[in-house]
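**Q** Take this sequence and fold it.
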Amino acid sequence: MPALSGFLWLISYWLIGEVVIHVTALPISSGVIGMLLLCVTLAIRGRVPGSIAAAAQPLIALLAMLIMPGVVGVFFIIGELAGQWSAILIALVLGTLLSVFTTLGCLNASSDSLMSNDSSLLALLTTTPLFAVGLTLTAYLVGNGLFQRLKRPSWLPAILIAALLLAGALALIGLPYATYQQGATWLTVLLGPATVALGMPLYQQLPRIVELWRPLAICLPIAAALAAFYSLAIAWLLGSSNTILASIAAKSVTAPIAIGITEQLGGTVALLLGALLITGVITIPCVSLAARILHIDDERLIGFALGLNGHAIGTVRAFELSPTAGAFASLGMSLTGIFTAVLLPLAWRLLGMGG
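**A** Predicted coordinates:
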């Protein structure tokens, strides 16, 4: 079957990325390495094999679902951060809004110039990871169905609806989050091949990306740095602790890279994943608002802003707009991850915030 053959290719590039990371100790996820290698390979070949397209397209469509097992954990640490959520939310929402306006403003300026209480039954069901996987798939499908019924509101994306449904289901049946997460590992493993799959649309839009290389090269360092700075500055002014600051610093970075950065800074991964969810959700309406105010209708700039600020959730939204927007979002997401992984820990140590 072509799809299985293509999936094997995606896994192979992901594993090559794992080898590269192991040998070089680069602070980048193997999925991003594999994505860039796949894009280079396709550029050399000059075409996308049907088998890779058959495997890549469904994985890209499910990218948001694959991060659900991680982000739903934020609903189970709410009590641990009592009294600090207002500062966290203000920092994430206001920081993301400022970051989006900075990204689009910079790009625009540059482009102008250019259920049951039976615990024994629950224990039996959770002996296999299929229960957690099935629960996640059900929440995702129901959430996506509700999203369509509500006429696809930008302020309430399908991933947020699904995460809320999943958290409610876990609380209702009394399944500990740690137990669920262990079973759902099968899904999160697919994040690697799914990230690699983004290399296909990246290659397909390569000529259009080359056209904008100057604005992208100018704006990426500025926008990526300020994406972290805005929220950190606001949270610091509101009196947040170093642990919280370390946990939200990588809030605009794709999950596999963000987790490594947060562990390096001494933050809490559960809070980081919650920050990723909030940032991804709030980025979508913020980009729409900023694009209207700044009179930007170029889907390349909008896609890049969605990926740079909203990581995987923003990238999924960009693909809903158009393949071109999705490709630019993939580029923004991957380059922001690389840039942040290299420079954020260094800046953290220079500022004396390391633990």
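
**Q** what kind of secondary structure is S240 in?
**A** coil (DSSP: H, G, I helix; E, B strand; the rest coil).

**Q** tell me which element N108 falls in.
**A** Assessed by DSSP states H and E, N108 sits inside helix 85-113.

**Q** Same check on G83?
**A** Using DSSP H and E, G83 falls outside every helix and strand.

**Q** distance of it from L89?
**A** 12 Å (C-beta to C-beta, to the nearest Å). Glycine gets a C-beta too; all of them are placed from N, C-alpha and C.

**Q** And the two? Which one has more around it.
**A** Between G83 and L89, L89 has the larger neighbour count (other C-beta atoms under 10 Å), namely 14 against 6.

**Q** Spit out the contact partners of A305.
**A** V100, T103, L104, L107, A223, V287, A290, A291, G314, G332 (C-beta atoms under 8 Å, 6 or more residues apart in numbering).

**Q** Apply 6 Å and report the result again.
**A** Counting by C-beta atoms under 6 Å, 6 or more residues apart in numbering, A305 makes contact with V100, T103, L104, V287.

**Q** Skip the chain neighbours and tell me the closest residue to it.
**A** T103 (4.5 Å; C-beta to C-beta, 6 or more residues apart in numbering).

**Q** Ok, M200 next?
**A** A56 (4.5 Å).

**Q** secondary structure element for the one you found?
**A** helix 50-61.

**Q** so what does that helix touch, helix or strand wise?
**A** helix 2-24, helix 191-197 (3 or more C-beta pairs under 6 Å, 6 or more residues apart in numbering; DSSP states H and E).

**Q** any idea which helix or strand comes after the last one?
**A** Counting by DSSP H and E, the element after helix 191-197 in chain order, helix or strand, is helix 199-204.

**Q** roughly how far is that next one from the heart of the chain?
**A** 18 Å (C-alpha atoms, centre = their mean, to the nearest Å).

**Q** Average pLDDT for it, rounded please.
**A** Averaging pLDDT along helix 199-204 yields 84.

**Q** ditto for stretch 207-215
**A** The model assigns stretch 207-215 a mean pLDDT of 84.

**Q** Filter the contacts of A305 down to the buried ones.
**A** V100, T103, L104, V287 (16 or more other C-beta atoms under 10 Å).

**Q** Just confirm the third one contacts R292, I think it does.
**A** No - the criterion here is C-beta atoms under 6 Å, and L104 misses it with R292 at 10.4 Å.

**Q** which element follows the strand or helix carrying L245 toward the C-terminus?
**A** Per DSSP H and E, L245 falls inside helix 242-248. Using DSSP H and E, the helix or strand that follows helix 242-248 in sequence is helix 255-265.

**Q** Could you report the separation of the residue nearest the centre of the chain from L273?
**A** Nearest to the mean C-alpha position of the chain, by C-alpha atoms, centre = their mean, lies A312 at 2.9 Å. A312 sits 12 Å away from L273, going by C-beta to C-beta.

**Q** do the same with W14
**A** 21 Å.

**Q** for Y230, same thing?
**A** For Y230, the distance to L273 - C-beta to C-beta - is 20 Å.

**Q** Show me the shaky parts of the stretch 51-200 of the chain.
**A** Low-confidence segments of the stretch 51-200 of the chain (pLDDT under 70): 82, 111-128.

**Q** can you do 90?
**A** 51-145, 147-148, 150-164, 167, 169-200 (pLDDT under 90).

**Q** related to what we said a few turns ago, next, the buried residues of the helix holding L245.
**A** For helix 242-248, a neighbour-count test (16+ other C-beta under 10 Å) marks I244, L245, A246, S247, I248 as buried.

**Q** Can you add pLDDT and distance to G174 and give those residues back as TSV?
**A** TSV is the format used below for the buried residues of helix 242-248 (pLDDT from 0 to 100; distance: C-beta to C-beta, whole Å):
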residue	pLDDT	distance to G174
I244	91	29
L245	92	34
A246	92	32
S247	92	27
I248	92	30
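
**Q** Pop the domain breakdown of the chain in here.
**A** 1-62+188-203, 84-114+212-355, 127-174 (automatic domain parsing).

**Q** Centre of the chain to the shortest one, how far?
**A** It refers to domain 127-174. With C-alpha atoms, centre = their mean, you get 17 Å for domain 127-174.

**Q** Just give me the closest of the contacts of A305 to L165.
**A** Closest approach to L165 among the contacts of A305 (C-beta to C-beta): V287, at 25.0 Å.
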